[in-house]
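[1] the following block contains a protein sequence and its predicted model.
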Amino acid sequence: MNQPRLFDDDDEGLLKPGHRPVKTTGAFLEFVRRALAGDKPFTPTQPYKLVRPSDPVTSHEAARSIDPTNLEQAVLNVIEGFGVRGCISDQVRASLPNLTYSSVTARYKALKERGMIFVDERKRKGNSGRNQRIMWSKFNYMPLPDKDDVE
């Protein structure tokens with residue numbers, strides 16, 4: 001019985017020149033894992049995290065009236081879509097043109113706190129010409145090597 005194989009016996013687990021591997025991102029694998037396990041990607045953000053205690057009553061009412069989970073998922077999907085290259089805030093906002101600036105940028109903090117996105121000191125020029133931090137999904141983030149490891 002012939003079993004499908006990923007590699008020929010002489011490949012020794014390596015792709016030969018000219019072969020194009022199928023790109024399976026960590027985000028896709030995590031999506032499959034979640035789907036099989038029946039997991040939801042996040043727990044809802046609690047309203048108290050969306051406002052300061054000193055904010056007016058109307059802000060607290062607004063925080064209780066929205067479901068930020070859908071917004072967080074939309075922002076995360078965009079960031080995951082940029083893969084290992086990562087993206088800056090201008091790119092995320094351009095990908096979600098129907099959402100306001102604050103609806104998009106406010107989601108970064110919650111996603112960082114949950115460990116769903118990562119940033120480090122790497123930056124890229126934005127539309128204004130100023131540098132913006134690059135963001136990656138947790139599945140596509142590749143940390144910079146330690147300075148001690150680089151010779």
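    Cool, got the structure.
[2] quick one: least confident helix or strand in the chain?
    Across the helices and strands of the chain, mean confidence by mean pLDDT, DSSP states H and E is lowest for helix 26-37: a mean of 54.
[3] right, and the helix or strand after that helix?
    helix 57-65 (DSSP states H and E).
[4] hang on, isn't Ala63 packed against Leu50?
    Yes - at 4.0 Å, Ala63 counts as touching Leu50 under the criterion of CB atoms under 8 Å. Quick note: C-beta positions are derived from backbone N, CA and C, even for glycine.
[5] can you point out the buried residues in the strand of greatest length in the chain?
    The residue-count maximum for a strand in the chain (DSSP state E) belongs to strand 117-125. Under the neighbour-count criterion of 16 or more other CB atoms under 10 Å, strand 117-125 has 117-119 buried.
[6] and the residues you listed, which is closest to Ser89?
    When the buried residues of strand 117-125 are ranked by distance to Ser89 (CB to CB), Val119 comes first, at 10.4 Å.
[7] the closest one pairs with what?
    Following DSSP bridges, Val119 is listed with bridge partners Met135.
[8] can I assume it is in contact with Lys138?
    No - Val119 is beyond contact range of Lys138, at 11.5 Å (criterion: CB under 8 Å).
[9] about what we covered before: with pLDDT added, can I get the buried residues of strand 117-125 in a markdown table?
    A markdown table is the format used below for these (pLDDT from 0 to 100):
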| residue | pLDDT |
| --- | --- |
| Ile117 | 94 |
| Phe118 | 95 |
| Val119 | 94 |
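[10] who are the packing partners of the longest strand of the chain?
    Judged by 3 or more CB pairs under 8 Å, 6 or more residues apart in numbering; DSSP states H and E, the packing partners of strand 117-125 are helix 101-113, strand 131-137.
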